[in-house]
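Engineer: got a predicted structure plus its sequence, pasted below:
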Amino acid sequence: MKPQKLSVLEKIGYGSGDAAVNVVISAMFLIISFFYTDIFGLKPKDMALMFLLVRFIDAITDPLMGLITDKFKTRWGRYRHYFLFLSVPFGISVFLTFTTPQFDYAGKMIYAYATYILVTLMFTSVTIPYISLIGVLTNDPQERLSANGFRLFFAKIAAFMVSIVVPILAEKLGHNDLGRGYQLAMGLMALAGTLLFLFTFFTTRERIEHEVDKKPLWEQFRLLVKNDQWALLFGAFFFGTIGYVIRNSVAIYYAKYYLDGDATIQSTFMATGVAAAILAMPISNLITKHYCKVKLYKWSQLAVGLLSLAMLFLVGPGNLLWAFPLYFILSFVVDLHAPVFWSAIAESVDYGHAKLGKRVSGLAYGGISFAQKLGMSIAGASVGYLLDFFDYVPNAVVQSEFTLVGLALLLTVIPGAFHALVGGMMFRYKITDKRYEEIKQKLNI
């Protein structure tokens, strides 16, 4: 089959979808823990338990959504129509999640669980079709890498908006009521997410039609387990997400209490990490044109462990001079692997097809989404429990020395250890560009 090239407009449209997804995912990474403890008013232990329990739903909904995308096809294809019909419910769920009702503590807990479950379900319903979309846009691995570069660039732009705009906008719109301010600020982000999903729908086209085997669920699970490269990516994404979410969730606490920063410093610190991640996207694409993408993946993640250790020892409380450049470098290296990973998922599905003679697509993407959300759950719960362990007091004027050490560890070596683990795991990944060309020839794609 002749390789399909994508226009710049289609790559932008595809990238806009991840910007929409990142309205939620960046809020989950960067501010939701802080929102729940310091704005909404949940105790860190209660927040941690909620993060943990709600994710059990994903064990059902993620594989189910993967199966639905395999089973049903419309005139727009297998995936694009979800962006058309679910974009508005998606936006509403984000708005409700960041709404603080005037209930007693028990009522707030019920509301938090209900809205967090809703946003999780809506996130699943649009994310799994989105991460599956790249596999049907083009069969060219370089075009996939390029499209994923656009995708991750736009994702980081959305993360940048959430990190630097939302805290400042919440202060301005709230007029001394931060609960109302966060509701309005995230409401604007939710509206943007809705419009971006619609833009993705209208500017992309599904070109490749994979024949989906009508296999029972148990057989699909069995085939996925036998796909060693997909299983490796599942593990890498799970552990990488834990590290990524812990670091980003703690960044606002670290900036406020460890660096003794006001709202502007907090926003700027978070935005520094996001800006570095944005820069990493085009640099990653340039590197992979001349350097093995698998080597970039594993060595960059191992480097994160060393950089995290350096930041722990070089940055003391209130040391803005060292904190900002080191956090920029750390965040830059963390995200160098990102375009490689998202291309690798589609390639691992083709690898499994070639190896086993049967294709599992929807469940494979659903499984990767589940790995991400399971990692988010473990990370979110870990942040809550560790904040409690380190005696964190929400809105305290001054935190104890023990708490400050805990915040430093949560930003550096704790997440750094997970990234180093991922780097070690990727020494077993073997789908290079040359190997993938052989897979394509075998499958005639």
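Structural biologist: Yes, it's here. Numbering: from 1, shown residues only.
Engineer: quick one: low-confidence residue ranges for this structure.
Structural biologist: 1-4, 29, 59, 210-215, 217, 445 (pLDDT under 70).
Engineer: which helix in it runs the most residues?
Structural biologist: What stands out as the longest helix in the chain, according to DSSP state H, is helix 105-137.
Engineer: now do the buried residues in that one.
Structural biologist: 108-109, 111-112, 115-137 (16 or more other C-beta atoms under 10 Å). In short, each C-beta sits where N, CA and C put it, glycine included.
Engineer: ditto for stretch 284-291
Structural biologist: Applying a neighbour-count criterion of 16+ other C-beta under 10 Å, one finds Ser284, Asn285, Ile287, Thr288 buried in stretch 284-291.
Engineer: what is the nearest of those to Val94?
Structural biologist: Taking C-beta to C-beta as the measure, Val94 lies nearest Ser284 of the buried residues of stretch 284-291, at 28.4 Å.
Engineer: where exactly do the strands run in the stretch 251-400 of the chain?
Structural biologist: Remark: strands of the stretch 251-400 of the chain are absent; assignment by DSSP state E, counting those that start in this stretch.
Engineer: returning to what we had before: now, which of the buried residues of stretch 284-291 sits nearest Ser382?
Structural biologist: Ranked by distance to Ser382 (C-beta to C-beta), these are led by Ser284 at 27.7 Å.
Engineer: how close does that closest one get to Arg144?
Structural biologist: The gap separating Ser284 from Arg144 is 13 Å, by C-beta to C-beta, to the nearest Å.
Engineer: cool, and Thr115?
Structural biologist: Distance from Thr115 to Arg144, counting by C-beta to C-beta: 35 Å.
Engineer: what's the straight distance from one end of stretch 67-87 to the other?
Structural biologist: 20 Å (C-alpha to C-alpha, to the nearest Å).
Engineer: what's the spacing between it and its chain's center?
Structural biologist: Distance of stretch 67-87 from its chain centroid, counting by C-alpha atoms, centre = their mean, to the nearest Å, is 22 Å.
Engineer: list the buried residues for the helix or strand harbouring Glu219?
Structural biologist: Secondary structure assignment for Glu219, by DSSP states H and E: helix 217-226. For helix 217-226, a neighbour-count test (16+ other C-beta under 10 Å) marks Gln220, Leu223, Leu224 as buried.
Engineer: mind giving me the packing neighbours of it?
Structural biologist: helix 58-71, helix 228-253, helix 338-356, helix 362-389 (3 or more C-beta pairs under 8 Å, 6 or more residues apart in numbering; DSSP states H and E).
Engineer: right, and the helix or strand after the longest one?
Structural biologist: Following helix 362-389 in sequence order, the next helix or strand is helix 401-411 (DSSP H and E).
Engineer: may I have that following helix as CSV, with CA atoms only?
Structural biologist: What follows is helix 401-411 as a C-alpha-only set of coordinates in CSV (Å, rounded to 0.1, in the frame of the first residue of the first chain):
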residue,chain,number,x,y,z
GLU,A,401,10.8,21.5,57.7
PHE,A,402,9.7,17.9,57.4
THR,A,403,6.9,18.9,55.0
LEU,A,404,9.3,20.9,52.9
VAL,A,405,11.7,18.0,52.6
GLY,A,406,8.7,15.8,51.6
LEU,A,407,7.7,18.3,48.9
ALA,A,408,11.2,18.3,47.5
LEU,A,409,11.3,14.5,47.4
LEU,A,410,7.9,14.4,45.7
LEU,A,411,9.1,16.8,42.9
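Engineer: that one: what's the following helix or strand?
Structural biologist: Toward the C-terminus, helix 401-411 is succeeded by helix 413-425 as the next helix or strand (DSSP H and E).
Engineer: coming back round to it: tell me which two in the buried residues of stretch 284-291 are the farthest apart.
Structural biologist: The largest separation in the buried residues of stretch 284-291, counting by C-beta to C-beta, is between Asn285 and Ile287 at 7.4 Å.
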